[in-house]
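Enquirer: From the sequence below, what's the structure:
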Amino acid sequence: MSHGDDEYARALAAAVRHSTAWFGSLPDRRVGPVAAAHDLAEAFGGPLPRGGMPAEEVVDLLAATAEPGLMAMPSGRFFGWVIGGTLPAALASDWLVSAWDQNAGLRYATPAMAAIEESAGHWLLELLGLPSGADVGFVTGATMANFTGMAAARWRLLADAGWDLDRDGLFGAPRIRCLVGRERHDTVDLGLRYLGLGKPAVVDADAQGRLIPEALDAVLAEGSGPALVCLQAGNLHSGAFDPFPEAIRVARKHGAWVHIDGAFGLWAAAAPELRSLTRGFEDADSWGTDAHKTLNVPYDCGIAIVTDASALRSAMGLHASYLVHDAEGPGDPFEKVPELSRRARGVPVWAALKSLGSDGVAAQVQGMLAAAADIAAGLGGVDGVEVLNDVGYTQVCLAFGDDATTRAVTARIIADGKVWMSGSRWRDRDILRVSVSNWHTSEDEVRTAVDAVKAALSAVRLD
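Expert: The predicted structure follows:
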């Protein structure tokens, strides 16, 4: 073994040791960090040293210094935002991705990575019941997944309107009318801004945040020309799904492209008991989701799915003399994402799907819903607790009377550290939002969560 190989071995062994200790701490550790970024800046900063440090010592120092600033996001007691855990096969395969260090942009250069990602893409389409001929690209997260789908929409809509986007750019182009539900996620607007499409028209939604098809029809009827309709699978607060058959039928009547933001909700299609939530969503043109959220692979791994391969590859691809294109196969990976160089993000997706199988994915998604329903049931009968949403998926919204009390309960829960639940604002009220997104969340974690909320409310009442 060469000196370099030995240094790799020692550094990787240190990483395994610290990672094992990290996972061993999760069942009992405080969920929130005990140090803030400004507390750690001095330890990590200072002048750049002139001399280096052995790799193993760097890993030891990194792990020890970071420890107080780590959030136990992989814990089954973490219910903040919509952040999942990591399956063992997905984590281990992601380590291999880093060790292999393959630039996954070209099929010719990294055939193994291309083959793995293509297989993962085919499995995803089968699992979710989406068109088998769709292109699948692996991006950083749901934001870029939505961006990618909407970029394909922009290209197709302008091409159909007779405008050459690649040659003439956006200035002077026909305006694309973009329509979103009132309770869409803000990252949809962000993607539209990145694409130069401007502020979208807002369509009314019902009490659970579902877009109202009749309202969509009325807004579309107010104008003409190219249109992009963005629907939602899984409302951030209620977990509700837009009525896809009706909304897509309206969009088609007006010639609109339909994109679905399914950051965490798209995975409901994998569970037979939940497929009614996504009924009709296969008739859209593009979809965006995040494999970290519900499938539980490591960060970062968004997935963009587009039926119109020509539009996607025209929007994302490039041709340069130094790139060796594979003459056979379903296009190069870089033609389906906004990046030329990237890590092989689809490998952990392949590993997660291989380790679970379709039945395992279904059970995982169904288990998250069951945990959310149990938390809602455990708290719904408690005096002073309001469950504000219909718990039909993985999200629970709670309120405790007035906004001040809700904020106080939220702060008490975070300070206590047994669980982590994040505050938000929904339907003009401050709320405590519970998102079940981790395969580790079991009946024990559910009981801990219910008890933590009850204890926080009791403590606030005593203050």
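Enquirer: Low-confidence stretches in the stretch 201-350 of the chain?
Expert: Low-confidence segments of the stretch 201-350 of the chain (pLDDT under 70): 320-329.
Enquirer: can you give me the strands for it?
Expert: 201-203, 227-232, 257-261, 286-290, 302-306 (DSSP state E, counting those that start in this stretch).
Enquirer: One more: the stretch 351-463 of the chain?
Expert: Counting by DSSP E, counting those that start in this stretch, the stretch 351-463 of the chain has strands at residues 386-387, 395-399, 422-426, 429-435.
Enquirer: List the neighbours of the first one that are in contact with it.
Expert: So that's strand 386-387. 376, 379, 380, 396, 397, 398, 399, 400, 401 (C-beta atoms under 8 Å, 6 or more residues apart in numbering). To be clear about C-beta, it is placed using only N, CA and C from the backbone, and glycine gets the same treatment.
Enquirer: contacting residues for the nearest residue to the second one once chain neighbours are set aside?
Expert: Take residue 379 and drop its neighbours on the chain: the residue closest to it by C-beta to C-beta, 6 or more residues apart in numbering is residue 385, 4.8 Å away. Taking C-beta under 8 Å, 6+ apart as the criterion, residue 385 is in contact with 379, 398, 399, 400, 453, 457.
Enquirer: Among the residues you listed, which one lies nearest to residue 225?
Expert: residue 399 (42.3 Å; C-beta to C-beta).
Enquirer: What's the separation between the closest one and residue 414?
Expert: Counting by C-beta to C-beta, to the nearest Å, the separation of residue 399 from residue 414 is 17 Å.
Enquirer: Compare neighbour counts for the two and give me the winner.
Expert: Taking other C-beta atoms under 10 Å, residue 399 and residue 414 do not tie; residue 399 has more neighbours (20 against 17).
Enquirer: Residue 202 and residue 188 touch, don't they?
Expert: No. Applying C-beta atoms under 8 Å, one finds residue 202 not in contact with residue 188, separated by 11.1 Å.
Enquirer: quick one, which of these two is more surrounded?
Expert: Counted by other C-beta under 10 Å, residue 202 and residue 188 do not tie: residue 188 has more neighbours, with 25 against 16.
Enquirer: pLDDT averaged over the helix or strand hosting the more buried one, what's the number?
Expert: Assessed by DSSP states H and E, residue 188 sits inside helix 186-194. The pLDDT scores in helix 186-194 average 97.
Enquirer: Make residue 1 into 50 and carry on from there
Expert: Right, with 50 as the first residue, what we last looked at is helix 235-243.
Enquirer: can you pull the buried residues of that helix?
Expert: Of the residues in helix 235-243, 236, 237, 238, 240, 241 count as buried by neighbour count, 16 or more other C-beta atoms under 10 Å.
Enquirer: Return it as PDB; C-alpha atoms alone will do.
Expert: Only the C-alpha atoms of helix 235-243 are listed here, as PDB (Å, rounded to 0.1, in the frame of the first residue of the first chain):
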ATOM      1  CA  ASP A 235     -42.600  29.800  -2.700                       C
ATOM      2  CA  THR A 236     -39.900  28.000  -4.600                       C
ATOM      3  CA  VAL A 237     -42.200  27.700  -7.600                       C
ATOM      4  CA  ASP A 238     -42.200  31.500  -7.700                       C
ATOM      5  CA  LEU A 239     -38.500  31.400  -7.300                       C
ATOM      6  CA  GLY A 240     -38.100  29.100 -10.300                       C
ATOM      7  CA  LEU A 241     -40.300  31.300 -12.400                       C
ATOM      8  CA  ARG A 242     -38.100  34.300 -11.400                       C
ATOM      9  CA  TYR A 243     -34.900  32.400 -12.300                       C
END
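Enquirer: what's the pLDDT at the residue nearest to residue 428?
Expert: Looking at residue 434, the pLDDT reads 97.
Enquirer: Ok, the one 4 residues further on next?
Expert: Among the per-residue scores, residue 438 holds a pLDDT of 98.
Enquirer: contacting residues around it?
Expert: Going by C-beta under 8 Å, 6+ apart, residue 438 touches 257, 286, 287, 288, 289, 444, 445, 446.
Enquirer: Turn the residues you listed into CSV, columns for neighbour count and distance to residue 493.
Expert: As requested, these are exported to CSV (neighbours: other C-beta atoms under 10 Å; distance: C-beta to C-beta, whole Å):
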residue, neighbour count, distance to residue 493
257, 17, 30
286, 20, 26
287, 25, 26
288, 28, 23
289, 26, 28
444, 27, 21
445, 30, 18
446, 24, 23
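Enquirer: Among those, pick out the one closest to residue 186, please.
Expert: Using C-beta to C-beta, those come closest to residue 186 at residue 288, 26.1 Å.
Enquirer: Apart from its neighbours in sequence, what residue is nearest the most centrally placed residue in the chain?
Expert: Ranked by distance to the mean C-alpha position of the chain (C-alpha atoms, centre = their mean), the top residue is residue 339 at 3.2 Å. For residue 339, ignoring the flanking residues on the chain, the nearest one in space by C-beta to C-beta, 6+ apart is residue 191 at 4.1 Å.
Enquirer: Count residues in the vicinity of the one you found, would you?
Expert: As a measure of burial, residue 191 has 28 neighbours, counting by other C-beta under 10 Å.
Enquirer: Ramachandran angles for it?
Expert: Main-chain dihedrals, residue 191, degrees, to the nearest 10: phi -60, psi -30.
Enquirer: can I assume residue 334 is in contact with residue 304?
Expert: No. With contact defined as C-beta under 8 Å, residue 334 does not reach residue 304; the gap is 11.6 Å.
Enquirer: top helix in this protein by residue count?
Expert: helix 395-429 (DSSP state H).
Enquirer: who does that helix touch, helix- and strand-wise?
Expert: If contacts are counted by 3 or more C-beta pairs under 8 Å, 6 or more residues apart in numbering; DSSP states H and E, helix 395-429 sits against helix 137-149, helix 160-177, strand 435-436, strand 444-448, helix 492-511.
Enquirer: ok, the nearest residue to residue 398 once chain neighbours are set aside to residue 464 distance?
Expert: In this structure, residue 398 finds its nearest non-sequential neighbour in residue 169, 4.5 Å apart by C-beta to C-beta, 6+ apart. Remark: distance between residue 169 and residue 464 (C-beta to C-beta) = 41 Å.
Enquirer: For residue 473, name its beta-bridge partners.
Expert: Beta-bridge partners of residue 473, counted by DSSP bridges, are residue 480.
Enquirer: Not counting its neighbours along the chain, what's nearest residue 314?
Expert: Excluding the flanking residues, the one nearest residue 314 by C-beta to C-beta, 6+ apart is residue 283, at 2.2 Å.
Enquirer: Show me how far the helix holding residue 237 is from its chain's centre.
Expert: Averaging C-alpha positions (C-alpha atoms, centre = their mean, to the nearest Å) puts helix 235-243 15 Å from its chain's average.
Enquirer: what do you get for stretch 162-176?
Expert: Relative to the chain's own centre, stretch 162-176 is displaced by 18 Å; criterion: C-alpha atoms, centre = their mean.
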